[in-house]
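Next input, structure requested:
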Amino acid sequence: MGLIAAVAGPLGDFLATSSVGLILAAGVASVVVLAVILNVLQQLLLKNPNEPPVVFHWFPILGSTVTYGIDPYKFFFSCREKVSTNAPCAIEEDADHEG
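Modelled structure (predicted):
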């Protein structure tokens with residue numbers, strides 16, 4: 001019995017007995033899990049030494065948005081400690097902002 005036959009049997013039973021909503025939810029969850037796995041593998045295995053370092057993040061598109069949004073200065077300083085003090089980092093101030 002091959003791998004496809006071993007997966008196709010239970011998968012066919014699941015699809016035949018489940019509701020459309022459950023099948024859609026399982027499909028969306030599968031896509032999210034696959035995206036996270038591919039994103040983490042890309043960050044760990046495909047590092048380019050000629051590009052600036054990437055801040056590790058679990059979810060693609062969102063990246064480190066939540067961590068940055070909670071405390072931007074803590075985020076920048078922790079990233080700076082992890083990489084090095086020689087890594088380029090520019091924080092631009094808004095031209096309309098006074099103070």
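
center of the chain - which residue?
In the chain, the C-alpha closest to the average C-alpha coordinate belongs to Phe59, at a distance of 2.1 Å (Cα atoms, centre = their mean).

How about that one: what's its closest non-neighbour residue?
Val36 (6.2 Å; Cβ to Cβ, 6 or more residues apart in numbering). All C-beta atoms are positioned from the backbone trio N, CA, C, and that covers glycine.

where's the one you found, which helix or strand?
helix 20-45 (DSSP states H and E).

Same question for that helix: list its buried residues.
Neighbour-count burial for helix 20-45 flags Asn39 (criterion: 16 or more other Cβ atoms under 10 Å).

how many other residues sit next to Thr17?
8 (other Cβ atoms under 10 Å).

show me the contacts for it.
When contacts are counted by Cβ atoms under 8 Å, 6 or more residues apart in numbering, Thr17 touches no other residue.

Report the separation between it and Ile23.
Relative to Ile23, Thr17 is positioned 10 Å away (Cβ to Cβ, to the nearest Å).

Please apply the same query to Pro10.
When Cβ to Cβ is applied, the distance between Pro10 and Ile23 equals 14 Å.

you'd agree Phe75 is up against Ser64?
Yes - between Phe75 and Ser64 a contact is recorded at 6.9 Å, counting by Cβ atoms under 8 Å.

Give the other helices and strands that the helix or strand in which Thr67 is found contacts.
Taking DSSP H and E as the definition, one finds Thr67 inside helix 65-70. Counting contacts by 3 or more Cβ pairs under 8 Å, 6 or more residues apart in numbering; DSSP states H and E, helix 65-70 packs against no other helix or strand.
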